[in-house]
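# Any chance you could fold what I've pasted below:
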Amino acid sequence: MLDARFAPLLALLAAPGMVGAEEQRAPGGAQPSMRVQELVIQQRMIIRVPRMPARRPTRPTGTPLPPIEWAEKKAGKCIATTSVAAAAITRGDSVDLVLNGGKRLRARLESNCPSLDFYSGFYMKLNGDGKFCARRDSIRSRSGGECQIKSFRTLVPKH
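Residues are numbered from 1 along each chain as shown. Model prediction:
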């Protein structure tokens, strides 16, 4: 389905007398020549990743649960962009991603990204392959900063 914003542009291109794919008579009645024009529509999609609320879970008695300590394990180089459900920004050098299904990954950043903590979330650019990869992609803060992903690490609770 074509975006309605492009309808006026397409109407102009299809209007008679406009430059487009049409036959024109060459001077002196020679063979008609064909002029062709190309219209390319590109789309860029950016996904906003919401920040998880900072609420601490509580026990039925109303007392807060102790914080979970996480251990880092090996992880793959890429994740499916659509699998990211939320993020927790706990340190300046990384972002903890919560995936659909509850799995957690830590995205280690090339450098500190202090502006990530100020706004409620960040952006990820959707690539043609649908993946978000370390050493290729970056996250963008809502203030315009960009932080390259160095690596991913799987987070598991320490026992």
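# Out of the helices and strands in the chain, which is least certain?
Least confident element among the helices and strands of the chain, by mean pLDDT, DSSP states H and E: strand 22-24 (a mean of 50).
# quick one: buried residues of the lengthiest strand in the chain?
For the chain, the strand with the greatest residue count under DSSP state E is strand 146-157. Buried residues in strand 146-157, counted by 16 or more other C-beta atoms under 10 Å: C147, I149, S151, F152, R153, L155. Placement of C-beta: from N, CA and C, glycine included.
# Format those as TSV; extra columns: pLDDT and distance to K73.
Listed next are the buried residues of strand 146-157 as TSV, based on pLDDT from 0 to 100; distance: C-beta to C-beta, whole Å:
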residue	pLDDT	distance to K73
C147	85	22
I149	91	17
S151	95	12
F152	96	10
R153	96	7
L155	94	8
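# which of those lies closest to G128?
I149 (17.4 Å; C-beta to C-beta).
# hey, what's the closest one bridged with?
L109 (DSSP bridges).
# picking that back up, which one of the buried residues of strand 146-157 sits closest to K74?
The shortest gap between K74 and any of the buried residues of strand 146-157 belongs to R153, at 7.3 Å (C-beta to C-beta).
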